[in-house]
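K.L.:
Sequence plus predicted model, see below.
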Amino acid sequence: MNENVPDSPLERLRKKLYSPPAVDGVRPSTLAASAQTKAEGWQPEPVAVAQAPKPQLSGSTIFLIFAVGFFALAGIVAALVLFLGGRSLSGDNLAITVEGPTTVSGGEEVSFFIEIQNNNPTVAEHPVLSMTFPEGTFEAGNASVPLTYYTEELQDIAAGATTRINVRAAFFGEENTRIEIPITVEYATGQSNATFVTKKAHQVLIATAPITLSVTSLSEIAPNQPFTLVLSARSNVATPIENVAVRVDRYAPSFTRTEASPEPSGNLFVLGTIAPGETKEVRITGRLAGNEGEDRVFMFSVGSLKDTGGTEFGIAYASADATVRLASPFLSVDLLVNRSESDTTVIRSGVENLASVSWANNLTSTILDGRIEVKIEGEALDPASVKATNGFYSSSARTVVFDRDTAQGLASLAAGDDGAGSFVFRTKSGAALAALRSPTITMSVSVSGRRLGEGNVPEQVSSTITRTFKVASDLALSARSVRTTGPYANTGPWPPLADQETTYTIMLSANNSVNTVANTVVRTTIPSYVRFTGQASSGVVYNETTREVVWTVGEMASSAVKEGSFQVAFVPSVSQKGSSPALTSKVTLTGFDRFAGGEAKAEASAVTIRSDSDPSFESSYGIVR
């Protein structure tokens with residue numbers, strides 16, 4: 001059989017064996033790729049070619065691409081905001097700065113420098129400054145004209161430019177009152193129809209009141225016993241204060257007023273105008289009803305009336321109160337310091353003070369085992385300085401005791417009997433005293449004893465009084481002449497020669513200790529043979545008529561030291577040969593102690609041609625030749 005015959009069984013078997021698969025997924029036979037020749041007219045079916053899978057991005061790669069894009073976008077936005085926003089118009093781009101005191105004395109004239117800086121990219125047009133002041137503010141130099149609102153139209157402020165405005169005012173108010181001054185600047189620009197507003201607030205503390213008020217009274221009285229309240233109003237400012245009045249905020253219950261000076265108008269005592277440093281008083285006399293042991297409180301304020309000649313009280317500058325106890329002491333006791341019996345006494349520092357204690361039996365029966373204790377308190381006391389005359393001082397308890405062991409009369413005090421004791425004390429001095437604020441010493445006197453009551457039964461009885469002593473500030477003053485030192489050049493022969501002019505510099509130095517002293521002034525006069533040359537430091541003024549030289553020192557804080565100077569010319573006469581003539585009279589320093597509420601003063605000897613403190617001075621230079 002010919003195996004090449006077409007369509008033979010063998011040929012059909014061969015084709016079947018070498019034909020490609022008809023179903024997908026069956027691997028083609030490798031025999032199909034052999035050298036066998038395909039039959040004519042046969043075409044293999046197309047084989048499906050598998051496509052390569054597309055690459056896939058991981059989650060971390062997608063997050064990284066997103067993060068980079070976000071930060072790039074944020075950087076672009078920030079740059080646009082910084083560039084465009086920094087050049088935008090805004091009220092916040094106008095800066096207001098206030099240069100002025102944050103603490104003032106009541107009634108003191110002060111200046112505020114308002115600095116306005118334009119940080120806008122364009123001109124601030126038609127700016128208007130306005131300030132609102134609280135009640136009690138007055139125009140500088142005119143304490144009778146209230147200042148409640150200040151406004152000023154300013155010149156246009158160029159971009160980046162600054163302008164300054166000076167505003168002056170005087171503040172009247174109660175001590176330690178904090179006030180706020182709102183400041184507003186309104187302006188426009190050519191690039192916008194809007195009105196821009198910038199605001200700022202400046203706070204000021206009124207550290208001292210323009211007027212101080214103090215009340216003096218007995219601390220203990222018997223029921224229905226007449227007594228007097230003395231109210232003292234004193235000016236602390238350098239200009240007169242008008243329309244001053246004292247207001248009664250509270251009379252103690254069961255108080256009956258029997259007399260008053262000046263006559264009140266309702267609850268007001270009108271004092272009128274108080275000059276600088278002047279003190280005016282209100283005296284109120286009356287009686288208190290009630291039971292023993294009760295405390296009664298009186299309260300007062302000092303301030304100004306709203307209107308001249310009116311009866312309506314305005315702003316209060318200071319307040320004060322007084323407490324009076326109703327008692328009927330069996331053993332009356334009194335305490336005097338330096339012979340003053342006031343409840344509040346001013347004492348000097350660095351000197352010995354004498355305290356005297358006296359007692360008397362007010363009963364109709366005998367008092368046994370009388371005992372008087374004086375408790376001394378206060379940081380201003382030098383505890384080592386206390387020495388008792390007829391008593392015992394316990395340094396650990398800071399108490400002076402008078403009893404039957406130290407004062408024999410206290411063992412048994414018959415009706416009407418009395419006695420006395422005393423002790424001395426000093427305050428601290430120097431730096432120890434200067435470190436204190438508001439230095440005081442308080443003495444509390446306690447009295448006890450036994451009396452024989454009905455049926456001779458002993459009864460314990462006691463009473464107390466308290467006194468407060470304010471330590472006054474010590475002023476020190478030195479005055480001297482110099483030739484080769486000081487702020488001015490001196491001329492003429494030295495030692496001085498008769499009929500020839502020689503000039504000298506007078507050096508003044510004022511020192512303060514513990515309390516603030518206001519209205520401090522140094523005064524002296526020059527003799528007829530001495531001429532004031534006109535050379536003087538700030539604040540020194542010469543009166544040609546009275547020949548008085550006045551140095552206005554002003555307010556001196558605690559531990560302050562201030563210096564002044566002036567120059568004089570001296571033409572000695574022949575009659576002055578061999579002497580050391582004076583160039584000034586005695587030099588005095590006066591001021592008002594704000595804490596102690598009294599005058600502070602110091603003195604220095606007259607200045608002569610003996611310039612001992614000059615480094616080139618010799619003893620022969622201090623004598624006219």
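P.N.:
Yes, it's here. Residues are numbered from 1 along each chain as shown.
K.L.:
contacts, neighbours, all on C-alpha from now
P.N.:
Fine.
K.L.:
Contact partners for residue 247?
P.N.:
Applying Cα atoms under 8 Å, 6 or more residues apart in numbering, one finds that residue 247 lies in contact with 267, 268, 269, 300, 301, 302, 303, 313.
K.L.:
hey, what's the residue lying closest to the first one once chain neighbours are set aside bridged with?
P.N.:
Same thing as residue 267. By the measure of Cα to Cα, 6 or more residues apart in numbering, the closest residue to residue 267 outside its immediate chain neighbours is residue 248, 5.2 Å from it. As for beta bridges, residue 248 partners with residue 300 under DSSP bridges.
K.L.:
Go ahead and confirm residue 248 touches residue 299.
P.N.:
Yes - Residue 248 is within contact range of residue 299, at 6.4 Å (criterion: Cα atoms under 8 Å).
K.L.:
Low-confidence stretches in the stretch 351-500 of the chain?
P.N.:
451-464 (pLDDT under 70).
K.L.:
residue boundaries of the helices in it?
P.N.:
Counting by DSSP state H, counting those that start in this stretch, residue ranges of the helices within the stretch 351-500 of the chain are 430-434.
K.L.:
Nearest to residue 540 among the contacts of residue 247?
P.N.:
Closest approach to residue 540 among these (Cα to Cα): residue 303, at 33.5 Å.
K.L.:
what sits against the closest one?
P.N.:
When contacts are counted by Cα under 8 Å, 6+ apart, residue 303 is found next to 211, 244, 245, 246, 247, 313, 314, 315, 316, 317, 318.
K.L.:
can you do 6 Å?
P.N.:
Under the criterion of Cα atoms under 6 Å, 6 or more residues apart in numbering, the contact list for residue 303 reads 244, 245, 315, 316, 317.
K.L.:
could you measure the residue nearest to residue 449 when sequence neighbours are not counted against residue 497, distance?
P.N.:
Take residue 449 and drop its neighbours on the chain: the residue closest to it by Cα to Cα, 6+ apart is residue 370, 4.4 Å away. In this view, residue 370 and residue 497 are 75 Å apart by Cα to Cα, to the nearest Å.
K.L.:
the more surrounded of the two?
P.N.:
Higher neighbour count among residue 370 and residue 497: residue 370, with 25 against 20, using other Cα atoms under 10 Å.
K.L.:
I figured the more buried one was touching residue 450, is that so?
P.N.:
No - counting by Cα atoms under 6 Å, residue 370 stays clear of residue 450, with 7.2 Å between them.
K.L.:
Overlap in contacts, these two.
P.N.:
Taking Cα under 6 Å, 6+ apart as the criterion, residue 370 and residue 450 do not both touch any residue.
K.L.:
ok, back up a step: for the contacts of residue 303, give me JSON lines that also has neighbour count, pLDDT and distance to residue 104.
P.N.:
Supplementary listing: those in JSON lines, determined by neighbours: other Cα atoms under 10 Å; pLDDT from 0 to 100; distance: Cα to Cα, whole Å:
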{"residue": "244", "neighbour count": "25", "pLDDT": "91", "distance to residue 104": "20"}
{"residue": "245", "neighbour count": "25", "pLDDT": "93", "distance to residue 104": "23"}
{"residue": "315", "neighbour count": "16", "pLDDT": "80", "distance to residue 104": "17"}
{"residue": "316", "neighbour count": "23", "pLDDT": "83", "distance to residue 104": "17"}
{"residue": "317", "neighbour count": "24", "pLDDT": "86", "distance to residue 104": "14"}
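K.L.:
Can you get me a residue count around residue 543?
P.N.:
Under the neighbour criterion other Cα under 10 Å, residue 543 is assigned a count of 11.
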